[in-house]
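> build me a model:
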Amino acid sequence: MVKVIEGSPAKMGFRMPAEWEPHEQCWMGWPARPDNWREHAGPAQEIFARAAIAISKFEPVTLCASAEQYPNVYKLMQHQRNIRVVEMSMNDSWFRDMGPTFITRKGGPDSEQTIAGIDWQFNAWGGIYDDWSLDSDVAKKIVEIERIPRFPHKMILEGGSIHVDGEGTCITTEECLLNPNRNPNMTKLEIENELKEFLGVTKVIWIPRGLHGDEDTNGHVDNLCCFIKPGVVLLSWTDDEKDPQYERSVEALSTLSQSVDARGRKIEVVKIHVPRPLYMTEEEAGGVVSTEHAVPREPGTRLAASYVNFYIANGGIIAPAFGDKWDKEAREVLRKAFPDHEVVMVEGAREIVLGGGNIHCITQQQPVRPS
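Numbering: from 1, shown residues only. Below you'll find the model as predicted:
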């Protein structure tokens, strides 16, 4: 068993690195739930595979699949040199939210102590499906595989609800972290203090709401905005004042523009336009098996589609493409934001949105262990 550490990671010198800092590998799960993914997850699996292969061109990927799915996934990936396939039981495949949050520190008595994983409590985003017992153990399994220490935490938190700049600043949304379906007995100040103690940040910027339509996660910040470098935030935007997203984007812009980061820098905001409104079709909704165990997928539901929901790999940006007129502009915005990275747009990312997230949601970076 790996070492379990109690106490404050920040006081021990740990911090959560920014996503653009070097990675040892990327962790992903494999979708299979027929009551969340249409056509028994076949179309989603194709896009997950495409995303994993794209990431593997820049860094190693560990792809976790259930015992039932393992033979097919192994066969599919056996010729991908930078992808390993591991058998792991899970309820669903959102490794950003159920996996560990990796934290690092310099020095230490031995190399294993320079990296650790925070094991937050997980309750399936306030209970959008009724059994998350297997998902709750994913973080433990990952740190066991990697033989790194684990910081258990009593607070319910998903990785997609936070973004950090690696220099002491965290951004999040009130809509998610203050939702009574997470930590109803904790105040905003108490939650903020826990973020500071465990992520090694000294400043938390609270944005009121997340992306319009992002009801599954109650407004995760990683679908609305993210740091692209210290002091600079990329924000989902629309110029259409009639779009319900407009009010949310303006609200976020106001909050960010009036904020300073942990080092006193005024936050600069770069806008990236959201795709045109996308809606779940009758065919897509009809392909999901209706059960009493998960939130139903209704035709006509607006999809929470955003170009901000991308993954920063070692030298690469793996971003969603929706077959939309805004895809090309999104690529250019990302190229300018990350001039030293190659931007790879994953076609067909709509399939991931249909299940409630996107590329950032299905990935979890493991940073390089400091020497």
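
> now the helices for the stretch 151-300 of the chain?
Along the stretch 151-300 of the chain, counting by DSSP state H, counting those that start in this stretch, helices occupy 174-177, 188-199, 244-257, 282-286.

> which other helices and strands does the shortest one contact?
Looking back up the chat, that one is helix 174-177. helix 188-199 (3 or more CB pairs under 8 Å, 6 or more residues apart in numbering; DSSP states H and E). All C-beta spots, glycine's among them, are computed from the backbone N, C-alpha and C.

> flag every buried residue along the helix it packs on.
Buried residues in helix 188-199, counted by 16 or more other CB atoms under 10 Å: 191-192, 194-199.

> residues in contact with it?
The contact list for helix 188-199 (CB atoms under 8 Å, 6 or more residues apart in numbering) reads 8-11, 15-16, 101, 103, 118, 151, 153, 155, 162, 164, 170, 172, 174, 177-178, 183, 186, 201-202, 204, 206.

> redo that, cut-off 7 Å
8-10, 15-16, 118, 151, 153, 155, 164, 170, 177-178, 183, 201-202, 204 (CB atoms under 7 Å, 6 or more residues apart in numbering).

> where does the stretch 101-250 of the chain have low pLDDT?
Applying pLDDT under 70 to the stretch 101-250 of the chain flags residues 108-112.

> was I right about Val85 contacting Met77?
Yes. With contact defined as CB atoms under 7 Å, Val85 and Met77 form a contacting pair (5.4 Å).

> the two: which has the busier surroundings?
Remark: of Val85 and Met77, Val85 carries more neighbours, 23 against 20, as counted by other CB atoms under 10 Å.

> doesn't the more buried one fall inside a strand?
Yes. Val85 sits within a strand when classified using DSSP: H, G, I helix; E, B strand; the rest coil.

> that one: what's it in contact with?
Val85 makes contacts with 63, 65, 70, 73-74, 77, as judged by CB under 7 Å, 6+ apart.

> in strands, which of these fall?
63, 65 (DSSP state E).

> how about a markdown table for the contacts of Val85, with distance to Asn314 and pLDDT added?
Below are the contacts of Val85 laid out as a markdown table (distance: CB to CB, whole Å; pLDDT from 0 to 100):
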| residue | distance to Asn314 | pLDDT |
| --- | --- | --- |
| Leu63 | 17 | 98 |
| Ala65 | 24 | 98 |
| Tyr70 | 27 | 98 |
| Val73 | 23 | 98 |
| Tyr74 | 25 | 98 |
| Met77 | 19 | 98 |
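
> ok, residues contacting stretch 162-169?
Under CB under 7 Å, 6+ apart, the answer for stretch 162-169 is 16-18, 21, 170-172, 199, 201-203, 205, 221-222, 226-227, 230, 261-263.

> how many residues are close by Cys170?
24.

> and for the one 4 residues further on?
Applying other CB under 10 Å, we find 16 other residues in the vicinity of Glu174.

> pretty sure it sits against Ile205.
No. In this structure Glu174 lies outside contact range of Ile205 using CB under 7 Å: 10.8 Å.

> please state the offset of the one helix or strand Gly117 maps to from the chain centre?
For Gly117, the host element (DSSP states H and E) is strand 115-121. Distance, stretch centre to chain centre, for strand 115-121: 15 Å (CA atoms, centre = their mean, to the nearest Å).

> just stretch 24-39 next, same as before
13 Å.

> pull out the buried positions in that stretch.
Residues 25-39 are the ones in stretch 24-39 that count as buried (16+ other CB under 10 Å).

> sorry, back to before: quick one, the strand holding Gly117 and helix 188-199 angle?
Strand 115-121 runs at 150 degrees relative to helix 188-199, counting by axes from the mean of the first three to the mean of the last three CA atoms, to 10 degrees.

> just checking, what packs against strand 115-121?
In this structure, strand 115-121 packs against strand 101-104, helix 138-146, strand 150-156, with contacts taken as 3 or more CB pairs under 7 Å, 6 or more residues apart in numbering; DSSP states H and E.

> tell me the most buried of the ones you listed?
Mean neighbour count, computed with mean count of other CB atoms under 10 Å, is highest for strand 101-104 among the helices and strands packed on strand 115-121, reaching a mean of 24.

> now the buried members of the contacts of stretch 162-169.
16-18, 170-172, 199, 201, 203, 205, 221-222, 226-227, 230, 261-262.

> how far does stretch 279-296 stretch from one end to the other?
15 Å (CA to CA, to the nearest Å).

> for that stretch, what is the distance to the chain centroid?
Using CA atoms, centre = their mean, the offset of stretch 279-296 from its chain centre is 23 Å.

> how many residues are close by Glu282?
Neighbours of Glu282 (other CB under 10 Å): 9.

> that one and Thr301 touch, don't they?
No. When contacts are counted by CB under 7 Å, Glu282 is not listed as touching Thr301 (11.3 Å).

> now stretch 334-351: how far from the chain's centre is it?
Relative to the centre of its chain, stretch 334-351 is centred 16 Å away, using CA atoms, centre = their mean.
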